[in-house]
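Asks: show me how the following folds:
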Amino acid sequence: MKFARPQRWVIALATLTLLGSGVVAEAADNLAPNPVLASTATGWGTMSGGTGARVVITGHPAASYAYQVTLSSGTAGIYLPQLTVAGGKKYTVAVDAKTAGSARMQMDWYGANGGYLGSTEGASVATNASGWTKVSAQFTAPAGATNSHPLTYISGGSGKWQTTAADYRVAGDDPPPTGDGDTAAENYHWGTALPASDEFNYTGAPDQAKWGIYGGADGCAPGHAGNGQRCGYTNTVQGGYLRQTGYANGDTAGLASQYGQKYGRWEVRARVQSAGGSGAAYHPVLITWPDSDQWPQGGEYDYFEVNVGETRATAFMHHPTDGPVVQDEYHSGSLDLAQWHNYGFEWAPDGLTGYIDGQPWFHDTDPDVQAPGPMHQTIQLDNFCGCSMQKAYFDVDWARVYTR
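Replies: This is a model prediction of the structure:
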């Protein structure tokens, strides 16, 4: 079930803007010294590619100053305030960047005597010169490490590069999600969630009365299009949420709801995180899939689909067809996918509507997109490569289903 889907051919495209996706660095538990350059540029400096200085900025939700590099090259580096570490611990390191091109994080590791132990690179993310983008990665300190030098690099840059809001955290200090945020269910009065919903407020494997586990609870099965494996052990419920883990070796996760319905509403609170390192990006996706398992005849609604590291959401509404694949494609505005967001979907006889944080971001009224039979929710962290992968997480706070 849902082990392979063919390559897509894009038929229709709509681009929409999602408002209010500000990047905010929270002060609580932030281990970064001088994170927003409040009075000096202490700890910040230029590695390469231009000349840097502390500058006044406007339009950032948490900072009034940034470190700015006037670029003399398309590739450049900035060093950030140092971080004391302990070997074996995981750390999430992030900054907010404004520049053309792409940016990534890097950690250089040092031992007690100051000896260099090596470096670890995070994945690159696309940035732009007109708004702030969070650049984030999770790193594990090597054995013997006591200190680290966080660095950030860009490529394809031009003009000026601004960086601020350094945020360092012990990954284990990440608190469980609190609250529901803004939901489509509340804003549009969807009523009470059905018993097939899951709040993930238990510990262990996902509840098999509610979910079919790809590969079985203790086994594995071929991955998407035969890439890697989908294994039961990669789905764990911990700390009040479901964590799907995609490993570097290609082992990854998938769940399918046991409850299907023709027409309905679904909403999932989720985030996407990279664990750092190299390799191809995993592909998280939320789907309503036909109970018949017939594809493409039964249709398919991918109402949230991204590659880890991207900065917007995508949706694909697959038409039921006996011929070539036909789909309608939609893109959100800029979105920090590493933060918790609510992704909702409504299937009605007169159209399909997607929601992010309680607000509609696409609406598809093409009558040919209507699926012929009942569908159910799936939660998947797909491997589209079949090669070495970058470890990643798809976390789900809750998954709720409603009648229409």
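Asks: need the helices for the chain, in chain order.
Replies: Listed in chain order, the helices of the chain (DSSP state H) span 184-187.
Asks: pop the domain breakdown of it in here.
Replies: Domains of the chain are assigned by automatic domain parsing as 45-173, 176-402.
Asks: mind putting those into CSV with mean neighbour count?
Replies: To be clear about C-beta, it is placed using only N, CA and C from the backbone, and glycine gets the same treatment. CSV is the format used below for these (neighbours: other Cβ atoms under 10 Å):
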stretch, mean neighbour count
domain 45-173, 19
domain 176-402, 19
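Asks: where does this structure have low pLDDT?
Replies: 1-29, 172-178 (pLDDT under 70).
Asks: nearest to the spatial middle of it, which residue is it?
Replies: Val272 (2.5 Å; Cα atoms, centre = their mean).
Asks: correct me, but it touches Leu337?
Replies: Yes. Assessed by Cβ atoms under 8 Å, Val272 is found in contact with Leu337 at 4.4 Å.
Asks: what residues are shared contacts of those two?
Replies: Residues touching both Val272 and Leu337 by Cβ atoms under 8 Å, 6 or more residues apart in numbering: Val306.
Asks: which residues touch Arg271?
Replies: Contacts for Arg271 (Cβ under 8 Å, 6+ apart) come out as Leu337, Ala338, Gln339, Trp340, His341, Asp395.
Asks: for Phe362, see how far away the residue nearest to the centre of the chain is.
Replies: Separation of Val272 from Phe362 (Cβ to Cβ, to the nearest Å): 19 Å.
Asks: re earlier: how about the residue nearest to the centre of the chain, what does it touch?
Replies: Counting by Cβ under 8 Å, 6+ apart, Val272 touches Pro284, Val306, Val308, Leu337, Ala338, Ala392, Tyr393, Phe394, Asp395.
Asks: from what I see, Gly232 and Gly215 are in contact.
Replies: Yes. Assessed by Cβ under 8 Å, Gly232 is found in contact with Gly215 at 5.3 Å.
Asks: before we move on, the earlier item: how about the domains of the chain in JSON lines, adding distance to Pro33?
Replies: Formatted as JSON lines, the domains of the chain follow (distance: least, Cβ to Cβ, whole Å):
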{"stretch": "domain 45-173", "distance to Pro33": "4"}
{"stretch": "domain 176-402", "distance to Pro33": "21"}
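Asks: so which of these is nearest Asn34?
Replies: Proximity to Asn34 (Cβ to Cβ) singles out domain 45-173 among those, at 5.4 Å.
Asks: OK, contacts around Thr51?
Replies: Listed by Cβ under 8 Å, 6+ apart, the contact partners of Thr51 are Val69, Thr70, Ser72.
Asks: skipping its backbone neighbours, what lies nearest the last one in space?
Replies: Using Cβ to Cβ, 6 or more residues apart in numbering and skipping the chain neighbours, the partner closest in space to Ser72 is Gly50 (4.7 Å).
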